[in-house]
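Undergrad: Show me the folded form of this:
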Amino acid sequence: MASEQEQQRGSDERDAGAVAAPPGEGRPLRDPGSRGGATLAWIGIWLVVAFLGLTPVVHTFFPHLFEKPSEGPVEIVHTAPGGPLRLIAKYALGVSQMAPGGEEALLKELDSFAAASPSDQLRVAIVAGALQGHEAGLDRLRSIESMLGGTDAEGHAQEAGPGFAEAMSIVDRALREGVETLDEAQRRSIVESDGWFGELLLVEELQKGDPGYDAVYGNALLVALMLVGALIGLIGVGVIGLALFITAIVLLVNRKVRAGYAPPAPGGSVYLEMFALFLVSFVVLQLAAGVVYGIVGIDLSRWLVWLLFPVMLWPIARGADVNAWRHAVGWHRGKGVLREVGAGIVGYFAGLPIVGIGLVCAIVLSIVVGALVQLVTGGATPPASHPAIDEIGSGGWLGVVSLYLLASVWAPIFEETFFRGAFYHHARGRLGVILSALLVAFVFASIHPQGIGLIPALMGLAVVFAMIREWRGSIIGCMVAHSMHNATLVTVLLLALG
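TA: Residues are numbered from 1 along each chain as shown. Here you go, the predicted structure:
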């Protein structure tokens, strides 16, 4: 009889795609590994967090540490326009067409994004000229010129570098004497250095109805309509998410929902080692990609990360059973692939209130950090952003494909396997659900290159993924939620900035 029950249980487990919990007479088993392995893994993890997470903090509060000492004047280099400023500028231009009268408020928002960069302040002057007339743009140019005659926070005199001086001269002439006075070389130069902002400056000589004029202003209007529509859609989705969140709480309180994940017994280290090896290998590959880019000018960073797949097999190489490995990292079908996919979608929407709380905390943190930076450095805080945003629209179709693969395929598979799979599994052997989710979320958010201000927002998202893992056991739902989130963001940004 016992043999038949065991055979039936084995059949059920094969049908589900994996064991529901570590085998062992109802008791969780200890993962392979040692205390020494865990110690080394923790050292590696916190070193990577310090390297990737603290570097932006130091750069924000002590920017002079990253600057070359100079006895003479500081030369202002004309930097490329960033994605966030371009997005807000298009939105401002589009909104001014839909509802004229709020230009001053829109320009103040742009000023906050451009405060830390003279190049971006020059671009805001172009937008001001388009929104409020040439004199408004010239007023901003005069402010930049007065800054060039002063000193920076370190007391160094500031002067315009060749590229910045040329861009200033072109914008000044266009606003003062008219765009028609610019020669072909100047027109080409301002578009090459300032992109969409240069195009906005040049279309001022055209009339509404001209293809060039309509292309710039029509695109801005489309971006504004899209962002307003996205906001309305987000509010609707938020209402649905809140209803699902409340439903989930009620079901949990009434014990109608049970965790599908079974934590291991305390001890062991192979899954913590797997996670640490992933972080260290990731940093090494990114550094190698930087070296290659410096030598041949080819960015391989989005492609080299696919080489991290063998790291997933580290626990098996260290003696872990294959079925136990699948349970630990969540690589099994759970209650069926389609049900897990559906659970990931529902779990993501139900977790939106948690993401919302993270966003509120991010706003508060950004305000606090901005005030502290102003107090410590006397300068402004650069707006929170992600390098991928600045690259959108500048890499051609190959750049778009690689960005989608990275955000919507690589990140869901690899990050969920290592963060909500291995790292969360190790943490749950020692901590409860909430503390484990927060620990994993903090490391997850800290190593992303979005800046200090967005850490709470990313933590909120990571907590949602952890809750899906705890609920389902399988990692499929986490991957689906992660992919859906990233694909939506990338698509919206591509439509707005591409």
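
Undergrad: Spell out the secondary structure type for Gly260.
TA: Per DSSP: H, G, I helix; E, B strand; the rest coil, the local secondary structure of Gly260 is coil.

Undergrad: nearest residue to it other than its sequence neighbours?
TA: Spatially, and ignoring its direct neighbours in sequence, Gly260 is nearest to Gly473 (3.5 Å; CB to CB, 6 or more residues apart in numbering). Just so you know, the C-beta spots here come from the backbone N, C-alpha and C atoms, and that holds for glycine as well.

Undergrad: what's the answer for Val355, then?
TA: Nearest to Val355 is Gly460, by CB to CB, 6+ apart, at 4.5 Å.

Undergrad: Which other helices and strands does whatever helix or strand that neighbour lives in contact?
TA: Gly460 is part of helix 455-472, with elements assigned from DSSP states H and E. In terms of contacts (3 or more CB pairs under 8 Å, 6 or more residues apart in numbering; DSSP states H and E), helix 455-472 is packed against helix 337-350, helix 352-377, helix 433-446, helix 476-497.

Undergrad: That one vs helix 337-350, what angle?
TA: Here helix 455-472 runs at an angle of 140 degrees relative to helix 337-350 (axes from the mean of the first three to the mean of the last three CA atoms, to 10 degrees).

Undergrad: Can you get me the centre-to-centre distance for helix 455-472 and its chain?
TA: Chain-centre distance of helix 455-472: 15 Å, with CA atoms, centre = their mean, to the nearest Å.

Undergrad: Walk me through the domains of this structure.
TA: Segmentation of the chain into domains, based on automatic domain parsing, reads 74-222, 258-497.

Undergrad: Would you mind finding the most buried of these?
TA: domain 258-497 (a mean of 19; mean count of other CB atoms under 10 Å).

Undergrad: Do me a favour and average the pLDDT over that domain.
TA: For domain 258-497, the mean per-residue pLDDT is 90.

Undergrad: Tell me the confidence at Gly102?
TA: Looking at Gly102, its pLDDT stands at 84.

Undergrad: just the one 10 residues further on next, same as before
TA: At Ser112 the predicted local confidence, pLDDT, stands at 81.

Undergrad: secondary structure element for it?
TA: helix 103-114.

Undergrad: how far away is the closest residue to Met459 other than its chain neighbours from Phe465?
TA: Using CB to CB, 6+ apart and skipping residues adjacent in sequence, the residue nearest Met459 is Ala441, 4.2 Å away. To Phe465, Ala441 is 8 Å away according to CB to CB, to the nearest Å.

Undergrad: what's the longest helix in this structure?
TA: When the chain is parsed with DSSP state H, its longest helix is helix 211-253.

Undergrad: So which elements touch it?
TA: For helix 211-253, the elements it packs on are helix 83-98, helix 196-202, helix 337-350, helix 352-377, helix 476-497, judged by 3+ CB pairs under 8 Å, 6+ apart.

Undergrad: at 10 Å instead, please
TA: Applying 3 or more CB pairs under 10 Å, 6 or more residues apart in numbering; DSSP states H and E, one finds that helix 211-253 contacts helix 83-98, helix 118-132, helix 196-202, helix 337-350, helix 352-377, helix 455-472, helix 476-497.

Undergrad: Output those helices as CSV; include the columns distance to Leu54.
TA: Listed next are the helices and strands packed on helix 211-253 as CSV, based on distance: least, CB to CB, whole Å:
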stretch, distance to Leu54
helix 83-98, 23
helix 118-132, 26
helix 196-202, 33
helix 337-350, 30
helix 352-377, 14
helix 455-472, 12
helix 476-497, 25
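
Undergrad: Just tell me which of those ends up closest to Leu308.
TA: helix 476-497 (15.7 Å; CB to CB).

Undergrad: and Ala288, what does it touch?
TA: Leu300, Ser301, Leu304, Leu307 (CB atoms under 10 Å, 6 or more residues apart in numbering).

Undergrad: May I ask which two of these are separated the most?
TA: Taking CB to CB as the measure, the contacts of Ala288 span a maximum distance of 11.6 Å, between Ser301 and Leu307.

Undergrad: what is in contact with these two at once?
TA: With CB under 10 Å, 6+ apart as the test, Ser301 and Leu307 both reach Leu285, Ala288.

Undergrad: The residue nearest to Gly260 contacts Ala259, doesn't it?
TA: Yes: judged on CB atoms under 10 Å, Gly473 makes contact with Ala259 at a distance of 7.6 Å.

Undergrad: Need the residues touching each of the two.
TA: Joint contacts of Gly473 and Ala259 (CB under 10 Å, 6+ apart) do not exist.

Undergrad: just to revisit the earlier point, same list, the domains of the chain, but as CSV with distance to Ala41 please.
TA: Shown next, in CSV, are those (distance: least, CB to CB, whole Å):
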stretch, distance to Ala41
domain 74-222, 36
domain 258-497, 4
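
Undergrad: Let me see the contact set for Leu279.
TA: Counting by CB under 10 Å, 6+ apart, Leu279 has contacts 41, 44-49, 51-52, 311, 418-419, 423, 443, 447.

Undergrad: Could you check the angle the helix or strand hosting it makes with helix 433-446?
TA: Using DSSP H and E, Leu279 sits in helix 270-296. Helix 270-296 runs at 10 degrees relative to helix 433-446, counting by the same axes, to 10 degrees.

Undergrad: Quick check: next helix or strand after helix 270-296?
TA: Next along from helix 270-296, by DSSP H and E: helix 301-304.

Undergrad: Contacts for that following helix, please.
TA: Under CB under 10 Å, 6+ apart, the answer for helix 301-304 is 281-282, 284-290, 292-293, 387-388, 391, 395, 398-399, 401-403, 405-407, 410.

Undergrad: repeat that with 8 Å
TA: Leu285, Gln286, Ala288, Ala289, Gly290, Tyr293, Ser402, Leu403, Leu405, Leu406 (CB atoms under 8 Å, 6 or more residues apart in numbering).

Undergrad: before we move on, what about stretch 417-434?
TA: In contact with stretch 417-434 (CB under 8 Å, 6+ apart) are residues 28, 30-31, 259, 261, 263-269, 271-272, 274-275, 278, 311-312, 315, 328-331, 435-437, 439-440, 443-444, 462, 465-470, 475, 478.

Undergrad: if we go to 6 Å?
TA: Identification of contacts with stretch 417-434 by CB atoms under 6 Å, 6 or more residues apart in numbering yields 263-264, 266, 271-272, 274-275, 278, 312, 328-330, 436, 439-440, 444, 465-466, 469-470, 475, 478.
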